[in-house]
Structures are given as structure tokens and as C-alpha cells.
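[1] Sequence first, predicted coordinates after that:
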Amino acid sequence: MTARNRALGQWGETLAADYLARQGYAVLDRNVRTPYGEIDLLARKEDTLVFVEVKTRSGDAYGNPEASITPAKRQHLIAAAQAYLQAHPEIDLPWRIDVIAIRKRRAAAPEIVHFEDAIS
């Protein structure tokens, strides 16, 4: 991954965390590493633990950000969430996996689309 892509991804994660906070979520952690990959954001909304995958694009050349969630990526996200829960048996909450898609726009505010319970 290039430095530019990393910076874009970090920018998107910060934007997503701010968005979630405005929506009433408590952002608990960022960039949580598991044996199955990284969880971008870990949040809580009321009594639900939410694992959040953030996809950010700076243009439309590669399609919608959410289109990059392939079946293999879905399986990795589920495995990462389950690994996190196994490592934290003290957490006894319902959980889900959300996707936040962000499009960076030159002359306008970024577009943020939140897909709740996107992966099951």
C-alpha cells in the first residue's frame, strides 16, 4: 500500500469515527489487530458491539467503495470479529458488522454512506 493510500485510509477512518460519534455511537478502539486481519473501528451503540469496516475512495475509477467488500473480505471480517470476541470473553453483547463507504470529493463535502449490519 502506498503512503498516499494509507493517508487516504486514515483520513477516512477519522471521518467515519467522527460520523459515528455524531450518530450516538461510542467509538471504543481503532485499528484492532486480530489473526484474521484488522478491524478498522470498534464501536458501541446502546447494547450492541459494532465492528466497522471503512472503505474510502478518492474517485470513481475503481467503483463504489462498498463494492470492494468481496466474499473473501466478508469471511475475513467475520473471522476477525469472532477472534476479537474469543479474546474478550468478558464482552457479552450482541454484535454486528457495519460498512462505512466514503467518497472524497474535490469541490464538495465527502459522501458518507453507512451500511448497518452489512455482513452476516
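    Yep, it's here. Just so it is clear, the model here is predicted, and its values are computed rather than measured.
[2] check contacts around the closest residue to residue 114 other than its chain neighbours.
    Nearest non-adjacent residue to residue 114, counting by CB to CB, 6 or more residues apart in numbering: residue 100, 5.3 Å away. For the C-beta atoms, the positions are set from N, CA and C on the backbone; glycine is no exception. Contacts for residue 100 (CB atoms under 8 Å, 6 or more residues apart in numbering) come out as 12, 16, 19-20, 41, 52-55, 112-115.
[3] Which ones among those map onto helices?
    Among those, the ones falling in helices (DSSP state H) are 12, 16, 19, 20.
[4] The residue nearest to residue 114 belongs to a strand?
    Yes: counting by DSSP: H, G, I helix; E, B strand; the rest coil, one finds residue 100 located in a strand.
[5] which residues of the protein fall in helices?
    Going by DSSP H, the chain shows helices at 3-22, 71-87.
[6] low pLDDT regions in the protein?
    1, 61-62 (pLDDT under 70).
[7] and the residue nearest the centre of it, what is it in contact with?
    Nearest residue to the geometric centre of the chain (CA atoms, centre = their mean): residue 53, 2.0 Å. Residues in contact with residue 53 (CB under 8 Å, 6+ apart) are 39, 40, 69, 73, 77, 97, 98, 99, 100, 118, 119.
[8] So what pairs up with it in the strands?
    residue 99 (DSSP bridges).
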